[in-house]
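**Q** Using only what follows, build the 3D model:
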Amino acid sequence: MIVSFSLELLNAPAVVTQFDAMPDVLTEVQYRLCGFDGQRYAYRTATAAFAAPEPDAFMPYDTLTPEIVTGWAEAAAADDIAVLETEIEAELAQPVQEQKPLPWLVPGIASIGLTPAP
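**A** As a prediction, this is how the structure comes out:
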């Protein structure tokens, strides 16, 4: 089974703070890691935390794009993402389970405790 993964940023509030002269530094975002095996999907939600940037590399908050922040999240949470991928692969490897009434019970009658006559 081959599972393809994608990381999506959640529309949850981001955590920002001020470092030295750099205002509104992005320090934390929430993301969802999705896995798809061609038939089913599973996901995990987690948080990526970022260290303070070097002043030369600082990007103002209002100039950030989903592509930039997704790349940062993938890099910052690489170890966590590897663990989540393993969890998702294990979940998708499980057989599909469903609940069915016992074959001798007629729908509707089972709920009142009667069984059909032989």
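
**Q** use CA for all of it now, contacts and neighbours both
**A** Fine.

**Q** Which strands or helices does the longest helix seen in the chain pack on?
**A** In the chain, assigned by DSSP state H, the helix with the most residues is helix 78-93. Counting contacts by 3 or more C-alpha pairs under 8 Å, 6 or more residues apart in numbering; DSSP states H and E, helix 78-93 packs against strand 22-36, strand 41-49.

**Q** show me where pLDDT drops low in the chain?
**A** Applying pLDDT under 70 to the chain flags residues 106-118.

**Q** ok, back up a step: ok, and for the longest helix of the chain, which residues are buried?
**A** 81, 84, 85, 87, 88, 89, 92 (16 or more other C-alpha atoms under 10 Å).

**Q** show me the contacts for residue 22.
**A** Contact analysis of residue 22 by C-alpha atoms under 8 Å, 6 or more residues apart in numbering lists 55, 58.

**Q** any idea how far it is from residue 69?
**A** To residue 69, residue 22 is 17 Å away according to C-alpha to C-alpha, to the nearest Å.

**Q** if we can go back for a sec, and the buried residues of helix 78-93 as a markdown table, adding distance to residue 5?
**A** Converted to a markdown table, the buried residues of helix 78-93 look like this (distance: C-alpha to C-alpha, whole Å):
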| residue | distance to residue 5 |
| --- | --- |
| 81 | 10 |
| 84 | 10 |
| 85 | 8 |
| 87 | 12 |
| 88 | 9 |
| 89 | 10 |
| 92 | 12 |
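
**Q** hang on, residue 2 in a helix?
**A** No. Assessed with DSSP: H, G, I helix; E, B strand; the rest coil, residue 2 is coil; it does not lie in a helix.
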